[in-house]
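Visitor: sequence first, then the predicted structure:
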Amino acid sequence: MAAELSSRIVGAMTTPIDHDSGPLEVGVSVGFALSSEAGSPAELVDLADRSMYRHKARRRADAG
């Protein structure tokens, strides 16, 4: 479920935006964590960050 949701978010955020100077493109990364895994809001954000960076590292490894 998280993979499908993150794909939808990334797809929506990376759609080029028309602008007078030409299309604007945005890059985005998404990380997920479950609140039951965290003891505090700060820990929840930290877990989501770690998830995002693990995914980015796997993408780089697959591309390389």
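Guide: Noted; the coordinates are in hand. Numbers count the residues shown, from 1 in each chain.
Visitor: what sits against E37?
Guide: Listed by Cβ atoms under 8 Å, 6 or more residues apart in numbering, the contact set of E37 reads 44, 47. From N, CA and C alone the C-beta is placed, and that goes for glycine too.
Visitor: gap between it and D46?
Guide: Separation of E37 from D46 (Cβ to Cβ, to the nearest Å): 10 Å.
Visitor: can you report phi and psi for the residue sitting furthest away from the middle of the chain?
Guide: Centroid-distance maximum for the chain: D20 at 27.9 Å, with Cα atoms, centre = their mean. Here is the backbone geometry of D20 (degrees, to the nearest 10): phi -50, psi -40.
Visitor: let's see the pLDDT reported for it.
Guide: D20 carries a pLDDT value of 96.
Visitor: then P23?
Guide: pLDDT, P23: 93.
Visitor: with S29 instead?
Guide: Reported pLDDT for S29: 81.
Visitor: again with the one 5 residues further on
Guide: pLDDT, L34: 79.
Visitor: what about it, neighbour count?
Guide: 10 (other Cβ atoms under 10 Å).
Visitor: quick check: the gap between it and M1.
Guide: L34 is 11 Å from M1, by Cβ to Cβ.
Visitor: G27 versus the residue farthest from the centre of the chain, what's the distance?
Guide: Relative to G27, D20 is positioned 21 Å away (Cβ to Cβ).
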